[in-house]
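Provided below are the primary sequence and the corresponding predicted coordinates.
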Amino acid sequence: MPLSVLLLSLCQALLITGNSLLIPVSPIIGASLAPSPTWSTAPVATQWLGLMCATVPASLIMARLGRRRGFMLGHLVGLVGVAVACEALVNESFWRFMLATWLIGIGIGFGQLYRFAATEVAPLQHRDRAIGLVMGGGVLAAFLGPWLANTSRALGETPFLVSFLGLGALYVLALLVLTIVRLPPPEKTHESGIPRPLIQVLRQPAFIVAVLAATVGYGVMNVAMTATPLAMTAAGHDFAHIATTIQWHVLAMFLPSFFTGHLSARFGARSMIVLGCLLLVASAMVAQVTHSIAGFYTGLVLLGLGWNFTFLPATGLLTESYRPADKARTQAANEFLVFSTVAATALLAGPLVSEFGWAYLNALLIPLSLLPIMALIWQRLASRAARPHIGG
């Protein structure tokens, strides 16, 4: 595996460490600054909104300027967001904190393309392994992010201020790593040619399944994950237990990445997506049984595994749906569809868990988790119906 893939994995680890730091912190800050409890997860939603806003520009910028410059630009925007967040915390401004998380989300949106960059520097036969290795960088984030959140929240006079200073340090470190990563120029990764009409690409079965699996996997995972700190606080669990729960959740999200690519190559991406959907259903079922710490641990671990087995195979499946000339627009369309849904789920998480409770919220996620399986069954039936029948 090329050294560039390992360095991209490190950059992804630093990015996800920042994400896992924000997961337990942002809803609690939102709850303390928001004008009402229903706005408590709004800063999380604006983070995902920023990510959604970055999806299309990030792909097009990298097609023009190259991956390295695009990633560096994203981290610089993230640093501006960190500065705004620190100012908002000091002055207790809810609206400026939302602006800060939006800017941080833009930076994260650029970083989401690390997994596609890995496929461009790895040999074709190792494509799935390269995706898994880069996403596996989140294992470091599983330990470092929640630990930073838990240890830094009470440092200084302003709660969580040091947490965001630590986030800024992670972005600076990622910038330094990017200076030594060797990535191919855009003319090699985005070949010239006549691209197909975008609607033709979007109508392909592989694209439809890939986007639906990624959207459902990420959306279901995000709404439950975003609501977890609020649900655990309402159940009487302290912040240390919340941070540990998020830690195990993030570990479950990324640890399987080291072998998900191998499993996808052996059993097929579609089979892995079915398994991921069933794990998402199992996570929601646990929430119907218990609100204990063990219940939250178990549910969030299953949630992380379900995300991994839907999102990563969907990424590999997506790369089969476009030609080099279609790459930038297809990736942009995928990222926009996935993360616009994620932004909406983050906004809904607060009102749903505040009004209806943790169990009801998870009950709503069960039918949503089954949508990719239903799409796969429909496609298989349609494929069989389209085959010519040879009669005697």
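Perfect, thanks for sending it.

What is the neighbour count of the nearest residue to Thr244 once chain neighbours are set aside?
The spatially closest residue to Thr244, leaving aside those adjacent along the chain, is Pro146, at 6.8 Å (CB to CB, 6 or more residues apart in numbering). Every residue, glycine included, has its C-beta placed from N, CA and C. Using other CB atoms under 10 Å, Pro146 has 27 other residues around it.

Then Glu320?
12.

Now for it: which residues touch it?
The neighbourhood of Glu320, defined by CB atoms under 8 Å, 6 or more residues apart in numbering, consists of Ala206.

which SS state does it fall under?
Reduced to three states with DSSP: H, G, I helix; E, B strand; the rest coil, the structure at Glu320 is coil.

And it, its phi and psi?
As for Glu320, its main-chain torsions (degrees, to the nearest 10) stand at phi -90, psi -10.

thinking again about what came up before, to which secondary structure element is the residue nearest to Thr244 assigned?
Assigning secondary structure by DSSP states H and E places Pro146 in helix 138-152.

I'd guessed Gly109 sits against Val56; true?
No. Under the contact definition of CB atoms under 8 Å, Gly109 does not touch Val56, with a separation of 9.4 Å.

more neighbours, the two?
Counted by other CB under 10 Å, Gly109 and Val56 do not tie: Gly109 has more neighbours, with 28 against 17.

The stretch 251-392 of the chain: strands as residue ranges?
Under the criterion DSSP state E, counting those that start in this stretch, strands are not mapped anywhere in the stretch 251-392 of the chain.

How many residues are close by the closest residue in space to Trp307 that isn't next to it in sequence?
Distance criterion CB to CB, 6+ apart; nearest residue to Trp307, sequence neighbours excluded, is Met221 at 4.0 Å. A total of 28 residues lie near Met221 under the criterion other CB under 10 Å.

Where does Met221 fall, secondary structure wise?
Assessed by DSSP H and E, Met221 sits inside helix 205-234.

what packs against that helix?
Contacting helix 205-234 under the criterion 3 or more CB pairs under 8 Å, 6 or more residues apart in numbering; DSSP states H and E are the following elements: helix 3-33, helix 239-254, helix 269-287, helix 293-318, helix 327-355, helix 358-369, helix 371-386.

and it, which residues are buried?
Along helix 205-234, the positions that meet the burial threshold by neighbour count (16 or more other CB atoms under 10 Å) are 205-233.

hang on, the earlier thing: ok, the residue nearest to Trp307 touching Leu280?
Yes. Applying CB under 8 Å, one finds Met221 in contact with Leu280, separated by 7.3 Å.

Quickly list what's touching both of those two.
Common neighbours of Met221 and Leu280, using CB under 8 Å, 6+ apart, are Leu303, Gly306, Trp307.

and the first one, what pLDDT?
What it means is Leu303. Looking at Leu303, its pLDDT stands at 95.

need the contact list for Thr17.
Thr17 makes contact with Leu140, Ala141, Leu144, Gly145, Leu148, Leu170 under the criterion CB under 8 Å, 6+ apart.

same thing but at 10 Å, please
Going by CB atoms under 10 Å, 6 or more residues apart in numbering, Thr17 touches 137-138, 140-148, 166-167, 170, 173-174, 250.

Check which helix or strand Val80 maps to.
Val80 belongs to helix 67-91 when elements are defined using DSSP H and E.

next structured bit after that helix?
Beyond helix 67-91 toward the C-terminal end (DSSP H and E), the next one is helix 94-111.

Can you mark which positions in that following helix are buried?
If you call a residue buried by 16+ other CB under 10 Å, then helix 94-111 has these buried ones: 94, 97-111.

Give the next helix or strand downstream of the helix or strand of the chain with the lowest mean pLDDT.
Taking mean pLDDT, DSSP states H and E as the measure, the chain has helix 186-189 as its least confident helix or strand, at a mean of 62. Per DSSP H and E, the first helix or strand lying C-terminal to helix 186-189 is helix 198-202.
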